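S.K.: What follows is a predicted structure for the sequence shown.
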Amino acid sequence: MKHKIYTEHLGTFKSYIIGFILSLLLTFSAYFLVTEKWLHSQTTALILAALALTQALIQLVFFLHLGQERTPYWNLQTFLFMLGVLFIIVLGTLWIMHNLDYQMM
Amino acid sequence: MGTASHAGTGQETYERTVFGFWVYLMTDCILFATLFATYVVLQNNLNGGPSGKELFHLPFALSETLILLVSSFTSGLAVMAAQNLKKVPTLTWLGATFLLGLAFIILEVTEFTHLVQEGNSWQRSAFLSSFFTLVGTHGAHITSGLLWILVMLFQIAFRGINIASLRRVACLGLFWHFLDVIWIFIFTIVYLMGAL
């Protein structure tokens, strides 16, 4: 290759190591939370959700380099729009189906 | 091959392609969101069949998770090596990612075969239909990713790293990291929460 391509979002070795270690820690804590049954199952479920969201965010930042681009942040904008659609789909589905379940009782 | 005659063209093609691929990943995320929503709605409809708690073996799911996490890490190293135009490290890390991905898919196929042989196929209950659809769709993505890695291994081995192969490896890296993010939620919602 004659000239270097400006690849702003490919990250550094350090960012990959940080993301990898944090992901490992979060995976193991979620796993042992379930197998060791330290807490009430409802509390565990809430913590599991929090741990999964944290790990997803960590991988988005350290592996997928979300938000580390030049303005006008097209990647971040499409991501946030997707998140909006995702919430409408998932929460809408759960809401409607639970309501239906309730009405059928 | 996309060997640019002047600096601007290669850069532009690179940025457009990677952004376009990112938009594809976002729509793929919506596909997975619908499958997750379906799974959560149907997971208690057992039709007298076994529940996730009886079927899933957590250490097995954990080993799948760790293999995929390590492969996500190695794919990142492959992209970085390609960016620095280092051919052998790129091939090594891509090869490692391929082997780990292959190990993952072998584990998943083993799990599926085991379930089907015990009579717990997708026909058993709504829970199992949604389980096979969700996890199977992820597995199909991994399989196509494996094919993609294989193609890139041959391209880079024979033609070296150029603008075109760097662009493709960058997209492949995004794809592979994305699949690991999806797996976090499969591991949490299907396996861990299913065992509560």
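M.R.: Great, that's in hand. Since this is a predicted model, take the numbers as computed values, not measurements.

S.K.: mind checking how far A:Lys14 is from A:Thr27?
M.R.: From A:Lys14 across to A:Thr27, the span is 20 Å (Cβ to Cβ, to the nearest Å). Quick note: C-beta positions are derived from backbone N, CA and C, even for glycine.

S.K.: How far off centre is the longest helix seen in chain A?
M.R.: In chain A, taking DSSP state H as the definition, the longest helix is helix A:74-104. Offset of helix A:74-104 from its chain centre (Cα atoms, centre = their mean, to the nearest Å): 16 Å.

S.K.: Can you give the contact residues for stretch B:74-86?
M.R.: A:1, A:7, A:10-13, A:16, A:63, B:89-90, B:92-94, B:96-97, B:100, B:156, B:161, B:165-166, B:169-170, B:172-173, B:176-177 (Cβ atoms under 8 Å, 6 or more residues apart in numbering or on different chains).

S.K.: go again using 6 Å as the cut-off
M.R.: Stretch B:74-86 is contacted from outside by A:7, A:10, A:16, A:63, B:89-90, B:93-94, B:96-97, B:161, B:166, B:169-170, B:173, B:176, using Cβ atoms under 6 Å, 6 or more residues apart in numbering or on different chains.

S.K.: same question, stretch B:47-64
M.R.: Residues outside stretch B:47-64 that contact it (Cβ under 6 Å, 6+ apart) are A:Tyr31, B:Phe104, B:Leu107, B:Arg124, B:Ser125, B:Tyr191, B:Gly194, B:Ala195.

S.K.: In contact with the first one, which residues are there?
M.R.: Taking Cβ under 6 Å, 6+ apart as the criterion, A:Tyr31 is in contact with B:Leu62.

S.K.: and it, what pLDDT?
M.R.: On the pLDDT scale, A:Tyr31 is placed at 97.

S.K.: measure it to B:His114 for me?
M.R.: Between A:Tyr31 and B:His114 the computed distance is 21 Å (Cβ to Cβ).
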